[in-house]
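A.B. asks: Can you look at this prediction? I've put the sequence above it.
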Amino acid sequence: MAIVEAKALIKNYVAGDITVQAIRGVDFVIEPGSFVSFVGPSGSGKSTLLNMIGCLDPPSSGFLAVAGQDVATLHGKEAAHFRGEHIGFIFQDFNLIPVLTVFENIEYPLLMVQNWPAGKRKARVLEMLAAVGMQDQGDKYPGQISGGQKQRVAVARALVANPKLVLADEPTANLDRETAMRIIALMKQMRDEFGTTFVFSTHDPKVVKNAETVFFLEDGMLQKEGNRKGESHE
C-alpha cells in the first residue's frame, strides 16, 4: 500500500472575490520507505502540498490518503492526533524550543503528543541521540550548538515517535554545503535503519540529486516525475 496517494488534488485559497488555485488537480503516489523530493520555483505549490500531506491544511477537493487514511476527512483534534501518530516534521529553521535542552526537544513529541511513560521516553530519546551522533549533547540548549547540530536534533525529534512518514520543508536551506551533505546522508541512514519515508520540498540540488523520486511542480501542476531508484548519487 502506498504511504501517500493523491488523485485530482486541488487546493484553493480565497481572499474576498479572488480565488487562487495553489494546487491544480495533481495525481501522484509515494511508496513506503522512499526518498522523494517535490521541486519547483517559489510559489509552485511545494509547501502547500507538504502542508496538505501533513494534515496542516485540508484539500479543497480531490482525494488524498496518508498511511491508508483519507486525510481530507480529518479536522481539528483528529488531524492533530493523526499527525502525532504517523507524521514527523523537519523545518528549514529547525523550530527547536530555545528554553528546552536538546534531550527535552527530542522528548517533546513523546510527552505532549504520545504521552509515553518516563522510562520509555528516556530510553527512546537516548537511542535517537546516539543515532544522530549527539549522545554527548543532550544537556545543551539550542543556542549552544551549531546549525548542523540543530538540524540533527530536528531529525531525531522527527523520528523519535517512529512515524511512517517524515516531511522536510527546505531542510538544508540554512546549512553550508558540507553540513547539508552530512544531514542528507544522516536522513538516508535513518530511512534505511527505520524504514521511514522521507518527502522533501526543496530548491537544493544536493537534496534533489539524492532523491530516488523527483516530482516537478510549476504553477500548482505536476509537470513530470523523475525516478532515480538504483542510480548512484555519490
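C.D. replies: Noted; the coordinates are in hand. Numbers count the residues shown, from 1 in each chain.

A.B. asks: Locate the most centrally placed residue in the chain within the secondary structure: which element?
C.D. replies: With distances taken as Cα atoms, centre = their mean, Leu167 lies nearest the centre of the chain, 1.2 Å away. Using DSSP states H and E, Leu167 sits in strand 165-169.

A.B. asks: Give me the distance between the following helix or strand past that strand and the centre of its chain.
C.D. replies: Note on strand 165-169: by DSSP H and E, the next helix or strand toward the C-terminus is helix 177-194. Centroid separation between helix 177-194 and its chain, computed with Cα atoms, centre = their mean, to the nearest Å, is 13 Å.

A.B. asks: Dump whatever helix or strand comes next after helix 177-194 to CSV, restricted to CA.
C.D. replies: Following helix 177-194 in sequence order, the next helix or strand is strand 197-202 (DSSP H and E). This file holds the C-alpha atoms of strand 197-202, laid out as CSV (Å, rounded to 0.1, in the frame of the first residue of the first chain):
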residue,chain,number,x,y,z
THR,A,197,9.6,7.6,4.1
PHE,A,198,11.1,11.0,3.6
VAL,A,199,9.4,13.6,1.5
PHE,A,200,11.1,16.9,0.8
SER,A,201,10.1,20.3,-0.5
THR,A,202,13.3,21.8,-1.8
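
A.B. asks: residues in contact with Ala65?
C.D. replies: Counting by Cβ atoms under 8 Å, 6 or more residues apart in numbering, Ala65 touches Ala2, Val4, Glu5, Ala6, Val71. Yep, even glycine has a C-beta here, placed from its N, CA and C like the rest.

A.B. asks: Which single one of those is nearest to Ser61?
C.D. replies: Ala6 (11.5 Å; Cβ to Cβ).

A.B. asks: from what I can see Ala168 touches Phe200, true?
C.D. replies: Yes - Ala168 is in contact with Phe200 according to Cβ atoms under 8 Å; the separation is 4.8 Å.
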